[in-house]
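*Asks:* model this:
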Amino acid sequence: MNDEQAKDLLTEILEHYTTGSILHLLADLYRESAERAQLYGDALACDRFQTIEKALYVMGMGVNAANPSS
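*Replies:* As a prediction, the model looks like this:
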């Protein structure tokens, strides 16, 4: 997939989800990665994934608050 194809796909997704919701979905993926890292005993990766999860979640809230229909 190239950048133009990715942009087209994101445009289609944005017809059904807000930008903040997409960021929340990405946060969920990082939460799942953190859980896997914890299971494998990789505390550094777990912390890193949890930090990314939290940042994406907060950014999603901010985007939705600034532009609820985006």
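
*Asks:* if I look at residue 43, how far off is residue 3?
*Replies:* Relative to residue 3, residue 43 is positioned 35 Å away (Cβ to Cβ, to the nearest Å). Yep, even glycine has a C-beta here, placed from its N, CA and C like the rest.

*Asks:* More neighbours: those two, which one.
*Replies:* Shown here are residue 43 and residue 3; by other Cβ atoms under 10 Å, residue 43 has more neighbours (10 against 7).

*Asks:* who touches residue 63 in this structure?
*Replies:* By Cβ atoms under 8 Å, 6 or more residues apart in numbering, residue 63 lies in contact with 18-20, 23, 70.

*Asks:* excluding its backbone neighbours, what's nearest residue 65?
*Replies:* residue 20 (8.0 Å; Cβ to Cβ, 6 or more residues apart in numbering).

*Asks:* low-scoring stretches of the protein, by residue?
*Replies:* 70 (pLDDT under 70).

*Asks:* what residue is smack in the middle of it?
*Replies:* residue 26 (2.0 Å; Cα atoms, centre = their mean).

*Asks:* residues in contact with the one helix or strand that one maps to?
*Replies:* Using DSSP states H and E, residue 26 sits in helix 19-39. Residues outside helix 19-39 that contact it (Cβ under 8 Å, 6+ apart): 10, 13-14, 17, 43, 45-46, 49-50, 52-54, 56-57, 59-65, 67, 70.

*Asks:* So for it, what gets flagged as buried?
*Replies:* The neighbour-count check on helix 19-39 (16 or more other Cβ atoms under 10 Å) flags 19-24, 26-27, 30-31, 33-34, 37 as buried.
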